[in-house]
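1. Sequence and predicted structure below; questions after.
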2 protein chains.
Amino acid sequence: MTSYVRQMLQKGPLHARIIERFDDMSEQLQQAARHILEHPQEVALVSMRELARNAGVQPSTMTRLAKFLEFSGYEDFREQHADVIRVSADGFAARALQREEGAANGEGLAYRMLQGLSAQIDRLRDPDTISRLDTMAEHLAKARRIFVLGLRSCHSVAWHFHYVMTLLGEKTVHLDGPAGTSGDPLIRATHEDVLLAISINPYSLQTLELAEAAREKGLSILAITDSEVSPLVTIAEHVVFFPTESQTFFHTLAPALAVSEVLCGLLASRDRAAALKELKLADRHLSAMNTYATSIPRRKI
Amino acid sequence: MTSYVRQMLQKGPLHARIIERFDDMSEQLQQAARHILEHPQEVALVSMRELARNAGVQPSTMTRLAKFLEFSGYEDFREQHADVIRVSADGFAARALQREEGAANGEGLAYRMLQGLSAQIDRLRDPDTISRLDTMAEHLAKARRIFVLGLRSCHSVAWHFHYVMTLLGEKTVHLDGPAGTSGDPLIRATHEDVLLAISINPYSLQTLELAEAAREKGLSILAITDSEVSPLVTIAEHVVFFPTESQTFFHTLAPALAVSEVLCGLLASRDRAAALKELKLADRHLSAMNTYATSIPRRKI
DNA sequence: CGAAATATGCAACAACTGTTTTATAAATCA
DNA sequence: TGATTTATAAAACAGTTGTTGCATATTTCG
């Protein structure tokens, strides 16, 4: 519980005040507060109405939130946030100190792993990978249906791609049935469809077999894999590569997940309006199904 | 002369632009410019009229200065200064949210997304998160058994954690059975076990219910979630936070996956020898099962 | 169940925003 | 010097700001 207090102090008394009273807020106030907790500087940098727009609440909700937190009004609230920026700006020494502390702490494995993962994803921004991503998004967009295949360690990536795409529409089919039925959906696949295969070394045999079967059915194979000499390269029409090395003795899939998310982003951005419409649809369905906690039951669940 | 150039570069391109054209300005413009050079953040933090008042010039002078510096107007000038604050404060998580135009056609979206993801994972190296990760690894290591729970978008993270952990031994149980049996493994859970729950906003009701049920059975709840006001925070003994903001309109889980991999890494590193032995074991089993392509069949599969 | 209380969306408000125009003063130059 | 350009101040402008009161849902409770 001490660490909770420490965190509050670290992030400043404004955060603390919001978190403290969060439980007593109404649904809308919570939504506004949540957005402010995630983007504190924006309070001082944009107008209230714009902030409200970004948070998805009414302008008046912001005024109400400010008063709820016992500020005289939103302008008071805003001024406090501006002060935080002011002191942290010329508090150059403070920032240097923080960095120092981080460096001293930097012996830890967690620190090194995160640094490594960040750098690997950063390196994906090279022109070759970017153009490969764009091309693959093009292929995916043109396909009638997308079969997504990723087994074992790559299951997480494949499933996440499929999940996000489901929210954006109904183009993807996830090849991961139970009881050995993974490949069954391919029965009705045609040459208009594509197979998005994800695999890393060591390459799962089942993935390769299914991919080969799909190719013989006339499907285009698109691959996300870890190496130029991956077996998927030879049968795929287009490939995107990602690194898997990590400081540990197992492979990392964070870069692969990043690649998959970028593809989703590119696909969604091709028709923002349609994507947004689909998202709204999914939203309505899920709330009708009572999937999510709408009001957040903080105390008595 | 070198120190002049260096100063310009240090303080950023906005300062440089002002200094460069300073000599050509009229008296009033210089007075305005001088004030801005001395208080750069104020441009973004107060209104133009107030800034003009503080600088001792007319409001219109500020507009004229902005146009003199070849901005489209003062609002453009102000937005640039806001961006400087944003990047120096927390990277640029919030920036993309406003930029509808640039993101509209998806121009360079891949590049920007990767840059953002990399920065977000980089920021996880702050001392608080590191210490939270270490503490959570401690808790996980002490537990007799680890039940892993992550539904919907968090399924990928939960499953990946479980998958890696199974390669390292047999401590984890994945709560994601078919046909609504997710919670069944908890039947034989005791207070020696822990539940690792992963959830982001909007929070899946089923996750919260299962977590609450586990807590009532005496299990410690460990949470990986997206906010200090996540409903998991109140019922969890320890929490690690990660960001989910992305340039698209769906959340990113790459940082969450990074967190999960770091935890695996920390756990494995506590007993390298044992972990390696388990890995060998898994290796032998999988090759006996003919799971992977051993020789890479590049041409003829 | 109905009544009281609360939460939320909406529209109107005056105040203030950044910008532009107009009038006046100062500087420049033939 | 007087004509002409330039610089500045003041005022007017449309658009936006933060705020408030009111009508309508929604929740709470006897």
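-> Structure received.

2. Count residues in the vicinity of A:D126, would you?
-> By other CB atoms under 10 Å in any protein chain shown, 12 other residues sit near A:D126. (C-beta placed from N, C-alpha, C; glycine too.)

3. cool, A:T244 as well?
-> The number of residues packed near A:T244 is 18, by other CB under 10 Å.

4. pretty sure it is touching A:L253, no?
-> Yes. Using CB atoms under 8 Å, A:T244 makes contact with A:L253 at a distance of 7.1 Å.

5. so what sits against both of these two?
-> Residues touching both A:T244 and A:L253 (CB atoms under 8 Å, 6 or more residues apart in numbering or on different chains): A:I200.

6. And A:L208, which helix or strand is it part of?
-> helix A:205-216 (DSSP states H and E).

7. Is there any residue in that helix that contacts chain B?
-> Yes. Helix A:205-216 reaches chain B (CB under 8 Å from any CB of the partner chain) through A:205-206, A:208-209, A:212.

8. tell me the phi and psi of A:K217?
-> phi -80, psi 0 (degrees, to the nearest 10).

9. correction: A:M113
-> Reported as degrees, to the nearest 10, the phi and psi values for A:M113 are phi -60, psi -50.

10. does the closest residue in space to A:R86 that isn't next to it in sequence sit in a helix, a strand or a coil?
-> Spatially, and ignoring its direct neighbours in sequence, A:R86 is nearest to B:Q41 (6.2 Å; CB to CB, 6 or more residues apart in numbering or on different chains). Following DSSP: H, G, I helix; E, B strand; the rest coil, we place B:Q41 in the helix state.

11. Next up, the contacts around B:Q41.
-> If a contact means CB under 8 Å, 6+ apart, then B:Q41 has A:85-86, A:89, B:81, B:85 as its contacts.

12. In terms of secondary structure, what does the helix holding A:L208 contact?
-> Contact here means 3 or more CB pairs under 8 Å, 6 or more residues apart in numbering or on different chains; DSSP states H and E; on that basis helix A:205-216 packs against strand A:146-150, strand A:194-199, strand A:220-225, helix A:231-235.

13. buried residues in that helix?
-> Neighbour-count burial for helix A:205-216 flags A:205-208, A:210-212, A:214-215 (criterion: 16 or more other CB atoms under 10 Å in any protein chain shown).

14. Likewise for stretch A:16-32?
-> A:16, A:18-19, A:22, A:25, A:28-32.

15. Can you get me the start-to-end distance on stretch A:189-198?
-> 18 Å (CA to CA, to the nearest Å).

16. thinking again about what came up before, redo the buried residues of helix A:205-216 as TSV? Include distance to DNA strand D and pLDDT.
-> Putting the buried residues of helix A:205-216 into TSV (distance: CB to the nearest atom of the strand, whole Å; pLDDT from 0 to 100) gives the following:
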residue	distance to DNA strand D	pLDDT
A:L205	52	85
A:Q206	48	87
A:T207	47	90
A:L208	52	91
A:L210	47	91
A:A211	49	93
A:E212	54	91
A:A214	48	93
A:R215	52	93
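
17. now, which of these lie close to DNA strand C?
-> Contacts with DNA strand C within the buried residues of helix A:205-216, counted by CB under 7 Å from any atom of the strand: none were found.

18. Distance to A:T63 for those residues - can I get that in a markdown table?
-> Output for these, formatted as a markdown table (distance: CB to CB, whole Å):
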| residue | distance to A:T63 |
| --- | --- |
| A:L205 | 62 |
| A:Q206 | 58 |
| A:T207 | 55 |
| A:L208 | 60 |
| A:L210 | 57 |
| A:A211 | 57 |
| A:E212 | 62 |
| A:A214 | 57 |
| A:R215 | 60 |
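
19. Can you tell me which of the residues you listed is closest to B:G265?
-> Distance ranking of these against B:G265, using CB to CB, places A:T207 first at 25.5 Å.

20. Pick out the residue nearest the middle of chain A.
-> Geometric centre of chain A, nearest residue: A:E261, 6.6 Å, by CA atoms, centre = their mean.

21. Pull up the gap between that one and B:I130, please.
-> Look at A:E261 and B:I130: by CB to CB, to the nearest Å, they are 24 Å apart.

22. repeat for A:R215
-> The gap separating A:R215 from B:I130 is 46 Å, by CB to CB.

23. Check what pLDDT the closest residue to DNA strand C within chain A gets.
-> DNA strand C sits closest to A:S26 of chain A, with a gap of 2.8 Å, by CB to the nearest atom of the strand. On pLDDT, A:S26 comes in at 85.

24. cool, and A:G12?
-> Predicted confidence (pLDDT) for A:G12: 72.

25. thought it was touching A:V84?
-> Yes. Using CB under 8 Å, A:G12 is in contact with A:V84, at 6.0 Å.

26. Comparing those two, which residue is more hemmed in?
-> Using other CB under 10 Å as the criterion, A:G12 and A:V84 rank with A:V84 on top: 19 against 15.

27. hang on, the earlier thing: which residues do A:G12 and A:V84 both contact?
-> A:P40.

28. Could you measure from the most far-flung residue of chain A relative to its centre over to chain B?
-> No residue in chain A sits farther from the centre than A:S72, which is 37.1 Å out by CA atoms, centre = their mean. As judged by CB to the nearest CB, to the nearest Å, A:S72 and chain B stand 18 Å apart.

29. what about that residue, distance to A:F22?
-> For A:S72, the distance to A:F22 - CB to CB - is 21 Å.

30. So the strand or helix carrying A:R34, near chain B or not?
-> Per DSSP H and E, A:R34 falls inside helix A:27-38. Yes. Using CB under 8 Å from any CB, helix A:27-38 comes into contact with chain B via A:30, A:33-34, A:37-38.

31. isn't A:A119 right next to B:L117, touching?
-> No. Contact between A:A119 and B:L117 fails when scored by CB under 8 Å: they sit 11.8 Å apart.

32. which one of the two has more residues nearby?
-> B:L117 (29 against 13).

33. Report the contact partners of the more buried one.
-> Counted by CB under 8 Å, 6+ apart, B:L117 has contacts A:121, A:258, A:261, B:246, B:252, B:254-255.

34. Mind picking the two most distant members of those?
-> Using CB to CB, the contacts of B:L117 span at most 12.5 Å, a distance reached by A:I121 and B:S246.

35. More neighbours: those two, which one.
-> Higher neighbour count among A:I121 and B:S246: A:I121, with 30 against 24, using other CB under 10 Å.

36. so who does the more buried one touch?
-> Taking CB under 8 Å, 6+ apart, one finds A:254-255, A:258, B:114, B:117-118, B:121, B:254 in contact with A:I121.

37. quick check, nearest of the residues you listed to A:R53?
-> Scanning these for proximity to A:R53, where the rule is CB to CB, the winner is B:L117, at 24.9 Å.

38. Now do the same for that closest one: helix, strand or coil?
-> Taking three-state DSSP, the label given to B:L117 is helix.

39. any idea how far A:D176 lies from B:V173?
-> Separation of A:D176 from B:V173 (CB to CB): 20 Å.

40. of the two, who's got more company?
-> The neighbour comparison of A:D176 against B:V173 (other CB under 10 Å) goes to B:V173, with 20 against 16.

41. So the more buried one: helix, strand or coil?
-> Assigned with three-state DSSP, B:V173 falls in the strand class.

42. can you pull the contacts of it?
-> By CB under 8 Å, 6+ apart, B:V173 lies in contact with B:145-148, B:162, B:185.

43. May I have the beta-bridge partners of it?
-> Per DSSP bridges, the residues bridged to B:V173 are B:F147.

44. Report pLDDT for it.
-> pLDDT for B:V173: 94.

45. how near is it to chain A?
-> 17 Å.

46. which regions of chain A lie under the pLDDT threshold?
-> The model of chain A has pLDDT under 70 over residues A:1-11, A:89-107, A:177-184, A:186-187, A:279-301.

47. Enumerate the residues of it near DNA strand D.
-> Chain A has residues A:47-50, A:59-60, A:62-64, A:66-67, A:73-76, A:78 near DNA strand D, with proximity defined as CB under 7 Å from any atom of the strand.
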